[in-house]
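A.B. asks: With the sequence up front, the predicted model follows.
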Amino acid sequence: MSDTFFSGAPHWAWLIILYFFVGGIAGGGSLLAAIVDWFGAPEDRPVARTGYNVAAVGAIISGALLTIDLGRPLRFWHMLFQSANFPTLMFKGWSPISFGAWGIFLFGLFSVLAALGGMAEEGRLHNPALRAVGGAVRGTLAKVVGGVAGLLGLFIAGYTGVLLSVTNRPIWADGPWLGALFLASGVSTGAATLILLAPGRGATEQSLARLSAFDTKALVVELLVLVLFVASLGAVNRVWLSFWGLVLLVGVGFGILAPLRMHAQRRSLTGAARLVLLGGFLLRLATIFASEGIERYRVAAGM
Amino acid sequence: MAEAMGFFTDTTVCIGCKACEVACKEWNQLPAENGGVRELSGDSYDNTRKLDGIHWRHVRFIEQFKGPYDGRWLMMSDVCKHCVQAGCLEVCPTGAIVRTQFDTVVIQSDVCNGCRACIAACPFGVIDINPVSGTAQKCTLCYDRLQVGLEPACSKACPTDSIQFGAIAELRTRAEKRVAQLKSQGVAAELYGADPGGPLGGLNSFYLLVDKPEVYGLPRHPELPTTNLAKSGGLSVASAAVLGLLAIVGLRKRRMDEQSRGGGGNV
């Protein structure tokens, strides 16, 4: 039996699952927006602007979910500053949750700036203060801000899995692939979100087709990493002989294999994108709850 | 720093009276569970079942019976191990978990914000949320009592000296003598967590066991949570590099130009 079975469940449930899902989308969306911004064509600008907006909204929702989930939400700032020595910063480079708190904070800052820059470009900002900030984020500065938001997005999409690995819990700490898996899933769900939302901002069919082609590759990477993740668990895989194993199976079938088939057959881009989002959610749902359901005292008692 | 202090728990003399649990609850003013209405476990004489935010001591009952008169009881008063290398302290993002001058590990309740990272990091399942404070809590090894020269409430209350409190070096010597004595009587006794060269640099609350650690609900090779950090982080970076390159290749301008020349994309 893995030694992880003797640890206690941290009661990370729906709010954290939602955060992992939304954070993944925001991170993936931000990365793709930055890549389109830096390397894409002018006609791809709507995709970049949508990506920055998805990132900004996702970062704000993520921060709210994480704060509400705390046992003492009003002490959220203890993650960023030493409560007894304010304003001395609180940071542990070896603690993913500490690293992540700063990551979310900076990601929120840069993605909101990038989103404001994009909205100012479209003339959608009516508030004078926001228009002033958005208007300042243009040209080279906009590219730098977007680039930083993209890199931070990549971090946000992946660190959640590393955070789970840096515990002593079953499944999460039994293999090293969870960070890579969540990152791949974050990028694939980010691309799917852009496919669904970018047409509303004027994205062309060519832009969407390229996003979809990239999503196919991201899904293949995700599937490969998922196989490696499951293989790395060894005997711990018996925990999947449960309802959550079924959820994972449904997630893989509908959220990875079905969209890959739809892409191969060049069927509805939006239908495939919706399935990718469903799969990304189910992956996190199964991964979190399969581990959360294992209680130390029941294991010790042979139950 | 003062001398390292801790517990040596000799499980062979524990009688399961739970005086330690009561003394701990009383001294630390820990709330009752379920409004004081005790739910019976239904499958054991032990109804506490586990350590958590309001049970900082737990006397585990291990009932090894093949038939009505064929078997034995094992009992162990479990508590925070005050690891020399503590996983909870390592991951705590607020700095709420500190190491004291007695080499014990304490959660400062006024700093903790209830993120619960420490719960998942502890290899022994010791920490949990106290629903009254909303913060993570566990045994403090009676830090308040130690500071004024008193012994922890649980060991003070233990009627059989199953829980012994003292300087770690002295406790180790005492524990080794007890193991030798039991072995001379044919009892398969082993120490768990007493070796400073062992997992987590040794435990400042260590045990004398007469069965495998797993039987007592203890992991055989407890590890620090950050053991996985480099590998998991490295694979994430590698995956990020692959996906980033795929995205750059797939979404770059030249690719679009090529597709335009070739008659459009795959829509």
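C.D. replies: The structure has been received and is ready for your questions. Numbering: from 1, shown residues only, chains lettered A, B, ... in the order given.

A.B. asks: CA only for contacts and neighbour counts going forward, please
C.D. replies: OK.

A.B. asks: which residues sit in contact with A:F20?
C.D. replies: For A:F20, the contact set (Cα atoms under 8 Å, 6 or more residues apart in numbering or on different chains) comprises A:160, A:284.

A.B. asks: What residues sit buried inside the helix or strand where it lies?
C.D. replies: A:F20 is located in helix A:14-39, with elements delineated by DSSP states H and E. Within helix A:14-39, the residues scored as buried using 16 or more other Cα atoms under 10 Å in any protein chain shown are A:15-39.

A.B. asks: Ok, stretch B:175-182 next?
C.D. replies: B:175, B:178-179, B:182.

A.B. asks: Tell me where the stretch 101-250 of chain A is predicted with low confidence.
C.D. replies: Across the stretch 101-250 of chain A, nothing is flagged by pLDDT under 70.

A.B. asks: ugh, typo on my part, it should be the stretch 151-267 of chain B
C.D. replies: B:254-267.

A.B. asks: for it, what spans make up the helices?
C.D. replies: Under the criterion DSSP state H, counting those that start in this stretch, the stretch 151-267 of chain B carries helices at the ranges B:153-157, B:168-184, B:229-251, B:253-261.

A.B. asks: Can you name every helix or strand that the third one contacts?
C.D. replies: In this case it means helix B:229-251. When contacts are defined as 3 or more Cα pairs under 8 Å, 6 or more residues apart in numbering or on different chains; DSSP states H and E, helix B:229-251 packs onto helix A:14-39, helix A:139-165, helix A:178-197, helix A:205-233.

A.B. asks: what distance separates the longest one from the centre of its chain?
C.D. replies: Taking Cα atoms, centre = their mean, to the nearest Å, one finds helix A:205-233 lying 14 Å from the centre of the chain it belongs to.

A.B. asks: for the third one, same thing?
C.D. replies: In this view, helix A:178-197 has its centroid 7 Å away from the chain centroid, taken as Cα atoms, centre = their mean.

A.B. asks: likewise the second one?
C.D. replies: Helix A:139-165 sits 10 Å away from the centroid of its parent chain (Cα atoms, centre = their mean).

A.B. asks: Which positions in that helix come out as buried?
C.D. replies: A:142-165.

A.B. asks: who's in contact with B:S162?
C.D. replies: Taking Cα under 8 Å, 6+ apart as the definition, contacts of B:S162 comprise B:8-14.

A.B. asks: Buried among those residues? Make that a ChimeraX selection.
C.D. replies: Here is the ChimeraX command that selects the buried residues among the contacts of B:S162 (16+ other Cα under 10 Å):
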select /B:8,9,10,11,12,14
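
A.B. asks: What are the contacting residues of stretch B:53-62?
C.D. replies: A:301, B:16, B:18, B:20-21, B:24-25, B:30-33, B:44-46, B:48-51, B:73-80, B:126-131, B:136-139, B:154, B:215-216.

A.B. asks: among those, which are in strands?
C.D. replies: B:73-78, B:128-130, B:136-137 (DSSP state E).

A.B. asks: Endpoints of stretch B:23-36, how far apart?
C.D. replies: Start-to-end span of stretch B:23-36 (Cα to Cα, to the nearest Å) is 16 Å.

A.B. asks: With adjacent residues omitted, what lies nearest to B:F165?
C.D. replies: Among residues not flanking B:F165 along the chain, B:F7 sits closest, at 4.6 Å (Cα to Cα, 6 or more residues apart in numbering or on different chains).

A.B. asks: Domains in chain B, by residue range?
C.D. replies: Annotated domains of chain B cover B:5-222, B:227-261 [automatic domain parsing].

A.B. asks: sorry, back to before: can you name the element that comes right after the helix holding A:F20?
C.D. replies: helix A:45-69.

A.B. asks: near chain A, which of the ones in strands among the contacts of stretch B:53-62 show up?
C.D. replies: Among those, the residues within reach of chain A (Cα under 8 Å from any Cα of the partner chain) are B:128-129.

A.B. asks: Nearest residue to residue 79 in space, please, no chain neighbours.
C.D. replies: All of this is about chain A. Per Cα to Cα, 6+ apart, closest to A:M79 is B:T94, 4.9 Å.

A.B. asks: wait, I meant chain B there
C.D. replies: B:R57 (5.1 Å).

A.B. asks: Just the pLDDT at that neighbour, thanks.
C.D. replies: Here the pLDDT value assigned to B:R57 is 97.

A.B. asks: Equivalent analysis for the one 5 residues further on, please.
C.D. replies: Looking at B:I62, its pLDDT is 93.

A.B. asks: in its sheet, what does the helix or strand it falls within sit against?
C.D. replies: Element membership for B:I62, per DSSP H and E: strand B:58-67. Here strand B:58-67 has these sheet partners by DSSP bridges: strand B:70-78 (antiparallel).

A.B. asks: contacting residues around the strand it pairs with?
C.D. replies: Residues from elsewhere that reach strand B:70-78 (Cα under 8 Å, 6+ apart): B:9, B:11-12, B:14-16, B:20, B:51, B:57-65, B:163, B:216.

A.B. asks: Please save the CA atoms from that strand in CSV.
C.D. replies: Output of strand B:70-78 as CSV, limited to C-alpha atoms (Å, rounded to 0.1, in the frame of the first residue of the first chain):
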residue,chain,number,x,y,z
ASP,B,70,-8.3,-15.8,19.7
GLY,B,71,-6.6,-12.5,19.3
ARG,B,72,-5.2,-9.4,21.0
TRP,B,73,-5.8,-5.7,21.5
LEU,B,74,-3.2,-3.2,20.4
MET,B,75,-3.6,0.4,21.7
MET,B,76,-1.7,3.5,20.7
SER,B,77,-2.1,7.0,21.8
ASP,B,78,-1.6,8.9,18.6
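
A.B. asks: which of the residues in that strand are buried?
C.D. replies: For strand B:70-78, by 16+ other Cα under 10 Å, it's B:74-78.

A.B. asks: do stretch A:197-216 as well
C.D. replies: Those would be A:197-199, A:203, A:206-216, for stretch A:197-216 by 16+ other Cα under 10 Å.

A.B. asks: and chain B, which of those residues contact it?
C.D. replies: For chain B, the contacts drawn from these by Cα under 8 Å from any Cα are A:206, A:209-211, A:213-214.

A.B. asks: and which of the ones in strands among the contacts of stretch B:53-62 is nearest to A:F86?
C.D. replies: B:A136 (22.0 Å; Cα to Cα).
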